[in-house]
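*Asks:* How does the following fold in three dimensions:
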Amino acid sequence: MDIQNRVDEIHLKFNEDLKKTKLNGDFDNLFLKYFSKSSGITTLLLKELPKLSAEEKNKYGPVFNDLKATQKEAIEQAKILHEIEQVSNPLIDLTLPEKPAETGMLHPLTQVIREMNDFFRYYGFSVAEDREIETVEYNFRKLNLPEDHPATDLQDTLFVKQPDILLRTHTSSVESRILTNNKPPIRVVTPGKVYRNETANKSNSSFFHQYQGVVVDKGITMQNLKATIETFLKFLYNTDIKMRFRYKYYPEVSPGMGADIQCTFCSGSGCEVCRYRGWIEVLGSGMIHYNTLKMCGIDPEVYTGFAWGMGLDRLVMTKFGIPDIRRLYGGGMVYE
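*Replies:* Residues are numbered from 1 along each chain as shown. Just a heads-up that it's a prediction; the model follows:
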């Protein structure tokens, strides 16, 4: 393109942008668009001057300088006029206090829940929530936990009204409601608070958060579950996180699988956070039990599925380097 044509084109574009800026008052961005050191439109044009021949330098040097001076002066004059108009505008109350600067940030749990929701939505999951005061039927029975199971004992469960109404002990209660009230294919995650009769210490609390997931469809296998968990943990932490899977018993699934990550506080050597094991269990999972599907009204001869429940608090502690779960709920500000 001819140099003079480029100069004319930039000048025309500048006039259009200046006209718009006079309406919105964003003169700083206009200045950066044309004069920032790395990408300004006029700046890039000026940087080409040394590449020109001696004859072209003599011809276009003054043109370039005039373009630069004209644009800068136009921005400055327009900015001054805009400020005068704002002050003289009777609709603006100059006695109003200035808008306070935004401070603070989202709670670490909220940050992680939103990250996880975005991740699972990308893979086709819906996000659901449900009641925290639950019935024994949905909290235990439909999940293949019989009446005499140890998890229903008072040392674990906080009852609102014995023997039927309780504070949910896991987000699996939402899973049982979803399976009962919906037909496959099902792909849902649900974050939420749960309650247990626990003594508070660095890694346990009487209330904490879980993140439940459930998938039911034809042909679902254990490999689908393992791949989902691996992909998620690498997303949440990073691709270098060390993890392991091991068999574990859970009444509502068969077979059951526990997932651990290497303790990030001690790099596997053992500390108070990981109880000197070197590993932190972050979730329990498995293939949904035959009985669970049947009690929720889904034909286990046609459909299979998997489910998992993650201890969100421990995930957050590991991700943000928080050594004590009580800091998440203490209400105080912590500076590290």
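*Asks:* need the strands for this protein, in chain order.
*Replies:* For the chain, strands defined by DSSP state E occupy the ranges 126-127, 133-135, 159-161, 165-167, 186-195, 207-217, 243-247, 253-262, 279-288, 304-311.
*Asks:* To residue 223, which of these lies closest?
*Replies:* Of all the strands of the chain, strand 304-311 sits nearest to residue 223, with 9.9 Å by CB to CB. All C-beta spots, glycine's among them, are computed from the backbone N, C-alpha and C.
*Asks:* Flag every buried residue along the closest one.
*Replies:* For strand 304-311, burial by neighbour count (16 or more other CB atoms under 10 Å) applies to 304-311.
*Asks:* packing partners for it?
*Replies:* If contacts are counted by 3 or more CB pairs under 8 Å, 6 or more residues apart in numbering; DSSP states H and E, strand 304-311 sits against helix 172-181, strand 207-217, helix 222-236, strand 253-262, strand 279-288.
*Asks:* Tell me which of these lies nearest to residue 158.
*Replies:* Nearest to residue 158 among the helices and strands packed on strand 304-311 is strand 207-217 (9.1 Å), distances taken as CB to CB.
*Asks:* Which one of the strands of the chain lies nearest to residue 59?
*Replies:* strand 126-127 (64.3 Å).
*Asks:* just for the stretch 151-300 of the chain, where's the confidence low?
*Replies:* For the stretch 151-300 of the chain, applying pLDDT under 70 flags the ranges 151-155, 238-239.
*Asks:* related to what we said a few turns ago, mean neighbour count and distance to residue 30 added to the helices and strands packed on strand 304-311, as JSON lines?
*Replies:* Below are those laid out as JSON lines (neighbours: other CB atoms under 10 Å; distance: least, CB to CB, whole Å):
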{"stretch": "helix 172-181", "mean neighbour count": "23", "distance to residue 30": "52"}
{"stretch": "strand 207-217", "mean neighbour count": "22", "distance to residue 30": "46"}
{"stretch": "helix 222-236", "mean neighbour count": "16", "distance to residue 30": "39"}
{"stretch": "strand 253-262", "mean neighbour count": "19", "distance to residue 30": "49"}
{"stretch": "strand 279-288", "mean neighbour count": "22", "distance to residue 30": "50"}
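*Asks:* Those into CSV, with extra columns for distance to residue 298?
*Replies:* Output for these, formatted as CSV (distance: least, CB to CB, whole Å):
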stretch, distance to residue 298
helix 172-181, 6
strand 207-217, 6
helix 222-236, 17
strand 253-262, 14
strand 279-288, 9
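*Asks:* Which of these sits closest to residue 325?
*Replies:* strand 207-217 (7.2 Å).
*Asks:* can I get the CA coordinates of the closest one in CSV?
*Replies:* The C-alpha atoms that make up strand 207-217 are tabulated as CSV, following Å, rounded to 0.1, in the frame of the first residue of the first chain:
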residue,chain,number,x,y,z
PHE,A,207,-20.4,-29.5,58.8
PHE,A,208,-18.5,-29.5,55.6
HIS,A,209,-19.1,-29.5,51.8
GLN,A,210,-19.3,-32.3,49.3
TYR,A,211,-19.6,-32.3,45.5
GLN,A,212,-21.7,-35.2,44.2
GLY,A,213,-21.8,-36.5,40.7
VAL,A,214,-24.0,-39.1,39.0
VAL,A,215,-24.1,-40.6,35.5
VAL,A,216,-26.7,-43.2,34.3
ASP,A,217,-27.0,-44.4,30.8
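*Asks:* Distance from it to the middle of the chain?
*Replies:* Centroid displacement of strand 207-217 relative to its chain, using CA atoms, centre = their mean, to the nearest Å, is 16 Å.
*Asks:* related to what we said a few turns ago, okay if I get the strands of the chain as CSV plus distance to residue 321?
*Replies:* Listed next are those as CSV, based on distance: least, CB to CB, whole Å:
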stretch, distance to residue 321
strand 126-127, 27
strand 133-135, 34
strand 159-161, 36
strand 165-167, 30
strand 186-195, 21
strand 207-217, 18
strand 243-247, 18
strand 253-262, 14
strand 279-288, 13
strand 304-311, 17
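*Asks:* Can you tell me which of the ones you listed is nearest to residue 201?
*Replies:* strand 207-217 (12.2 Å).
*Asks:* report the angle between the axes of that closest one and strand 304-311?
*Replies:* 170 degrees (axes from the mean of the first three to the mean of the last three CA atoms, to 10 degrees).
*Asks:* any idea of the angle strand 207-217 forms with strand 186-195?
*Replies:* Angle of strand 207-217 versus strand 186-195, following the same axes, to 10 degrees, is 160 degrees.
*Asks:* what angle sits between strand 207-217 and helix 172-181?
*Replies:* 30 degrees.
*Asks:* strands paired with strand 207-217, and their directions?
*Replies:* Looking at strand 207-217 with DSSP bridges, its partner strands are strand 186-195 (antiparallel), strand 304-311 (antiparallel).
*Asks:* can you tell me which of the strands of the chain comes nearest to residue 44?
*Replies:* Short answer: strand 126-127, nearest of the strands of the chain by CB to CB, at 45.8 Å.
*Asks:* Show me what that closest one is packed against.
*Replies:* Looks like strand 126-127 contacts helix 108-122, strand 186-195 (3+ CB pairs under 8 Å, 6+ apart).
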